[in-house]
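>>> Here's my sequence, what's the structure:
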Amino acid sequence: MSLFLEVVPVGEAVETVRRIAPPPRCEEVPLEEALHRVLAKDVCADVDIPGFDRSTVDGYAVAAADTTGAGEAIPAMLQCRGRVGMGSTDAGSISPGSCRYVPTGGALPEGADAVVMIEHTEQIGDDVLIHRPVAPGENVVSRGEDFRAGQVVLEHGRVLSPRDIGVAAAVGAERVQVVTAPKIGIISTGNELVPVVEVPGPGRVRDANSYLAGSFVMERGCHPVYFGIVRDEREALERAISSALDTCDAVLVSGGSSKDERDNTAAVIADLGEVLVHGIALAPGKPTIIGTARGKPIIGLPGHPASAYVVLVAIVDHLLATIRRTTVSRRTLHARLTQNIPSARGREDYVRVSVKDGEATPVFGKSGLLNTLVRSEGLVRVAASSEGFEVGEEVEVILW
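Presented below is the predicted three-dimensional model:
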């Protein structure tokens, strides 16, 4: 097996991870646990919502025709037939020339087709003066106006927000079918790595990538499963990846993806299954590996945190979205560049930028430096067909 770098375009790498993504699994969860989960089955309204004609204001339920021509100088006078209690199952009725007080959300009495806001009325004894006319349907939500019984309210594939959870509750969905959150195995490999609790000595660095990758997958609704630091030993890495494959839906391995003699990731993936891609026309992030074993994806990330994060954004995000049966969702904004961004045609570049007052300033730095991750607000993608952007050009910024 050739151990290195037959570089493929980013688009081909994305299609590869989508193709090898395992099929999603589904489960039913109570609504309280459904936030940010991907809906696997449509949620439909069980009954008409609302189930009755109701007022949207505090005021008097009337027949709109009784208010025609009403004004401050010559108000319409209607006889008050009482009040509708909040939650009352019997709102009563009115006849021409009469009205009934109704609170916001209260049911409309039979014979009424509008509500006059209380601010435009004056009650004198049993009579109510109406100072402004209303049209039929004004200040009223009709039965089924929100959702009809059987209507699809939330479509499958939707990532459930707090708003969605509230709507699902309103239509009686106490439990919902969602995509099971994928388990993603996280492995860091490298003789130079030490745990975060240890002060690194000469030639050593703390393991940042486990936490970087774990937080990334958690942010996207997946469960990270940490398998710790593995030394640059082929047998040890093979045991760790094999163990991750036993329990996880996909595995991310950071480090060991280049062509140094200590870089074992590609060889171990080949032993366990198949290496599909080794090298992507992506900067930073060129020495990325895409493989598969036991029907599960294994992604080899570069060891430098900044490079690893770009690969997570550019490639792994698509894998996780496919496993979760949803689409990649990104926050973006447009800004004008304050400096040129040069790029080599044929390679897709992701440049970290800081953003302020509508301007994007490149944060150039070596891929091994951590400070560019915290000094930047996002990435500017330079397509492989481009030779870069010039100062003053408007660019799209993918926000962190």
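
>>> What residues does the closest residue to residue 371 other than its chain neighbours make contact with?
Once flanking residues are discounted, residue 371 sits nearest to residue 365: 6.9 Å by Cβ to Cβ, 6 or more residues apart in numbering. All C-beta spots, glycine's among them, are computed from the backbone N, C-alpha and C. Shown in contact with residue 365 (Cβ atoms under 8 Å, 6 or more residues apart in numbering): 306, 352, 371-372.

>>> Swap in 10 Å and give it another go.
306, 352, 371-373, 375-376 (Cβ atoms under 10 Å, 6 or more residues apart in numbering).

>>> Just the buried subset of these, written out for PyMOL, thanks.
If you want just the buried ones from the contacts of residue 365 in PyMOL, going by 16 or more other Cβ atoms under 10 Å, the selection is:
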select buried, resi 306+352+372+373+376
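
>>> which SS state does the residue nearest to residue 371 fall under?
Of the three states, residue 365 takes coil under DSSP: H, G, I helix; E, B strand; the rest coil.

>>> pLDDT value on it, please?
The model reports residue 365 with a pLDDT of 76.

>>> picking that back up, turn the contacts of residue 365 into a markdown table, columns for distance to residue 27.
Formatted as a markdown table, these follow (distance: Cβ to Cβ, whole Å):
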| residue | distance to residue 27 |
| --- | --- |
| 306 | 36 |
| 352 | 38 |
| 371 | 41 |
| 372 | 39 |
| 373 | 35 |
| 375 | 41 |
| 376 | 37 |
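
>>> Check the contacts of residue 365 against residue 358 and report the nearest one.
residue 376 (16.2 Å; Cβ to Cβ).

>>> From residue 400, how far out is that closest one?
8 Å (Cβ to Cβ, to the nearest Å).

>>> who touches both of those two?
residue 352.

>>> what pairs with residue 299 across the strands?
Beta bridges link residue 299 to residue 252, residue 290, judged by DSSP bridges.

>>> got a list of what it touches?
13, 17, 20, 184, 213, 250-254, 257, 265, 269, 277, 288-292, 311-312, 315-316, 319.

>>> swap in residue 18?
297, 318-319, 321-323.

>>> let's go with 7 Å and repeat that
318, 322 (Cβ atoms under 7 Å, 6 or more residues apart in numbering).

>>> For it, give me the pLDDT.
For residue 18, the predicted pLDDT is 97.

>>> for it, phi and psi?
phi -70, psi -40 (degrees, to the nearest 10).

>>> Residue 59 now?
phi 180, psi -160.

>>> That one and residue 116 touch, don't they?
Yes: using Cβ atoms under 7 Å, residue 59 makes contact with residue 116 at a distance of 5.0 Å.

>>> in the longest helix that the chain contains, what counts as buried?
Secondary structure of the chain per DSSP state H: the longest helix is helix 234-247. Going by neighbour count (16+ other Cβ under 10 Å), the buried part of helix 234-247 is 237-238, 240-241, 244-245.

>>> And for stretch 213-226?
Those would be 213-214, 216-217, 220-222, 224-226, for stretch 213-226 by 16+ other Cβ under 10 Å.

>>> Please enumerate the helices of the stretch 301-400 of the chain.
305-311, 317-323, 371-375 (DSSP state H, counting those that start in this stretch).

>>> Ranking the ones you listed by mean neighbour count, which comes first?
Highest mean neighbour count of the helices of the stretch 301-400 of the chain: helix 305-311, a mean of 26 (counted as mean count of other Cβ atoms under 10 Å).

>>> now it: mean pLDDT?
94.

>>> nearest to residue 109, of the buried residues of stretch 213-226?
Distances from residue 109 to the buried residues of stretch 213-226, taken as Cβ to Cβ, are shortest for residue 221 (47.4 Å).

>>> so what's the closest one up against?
36-38, 181, 324.
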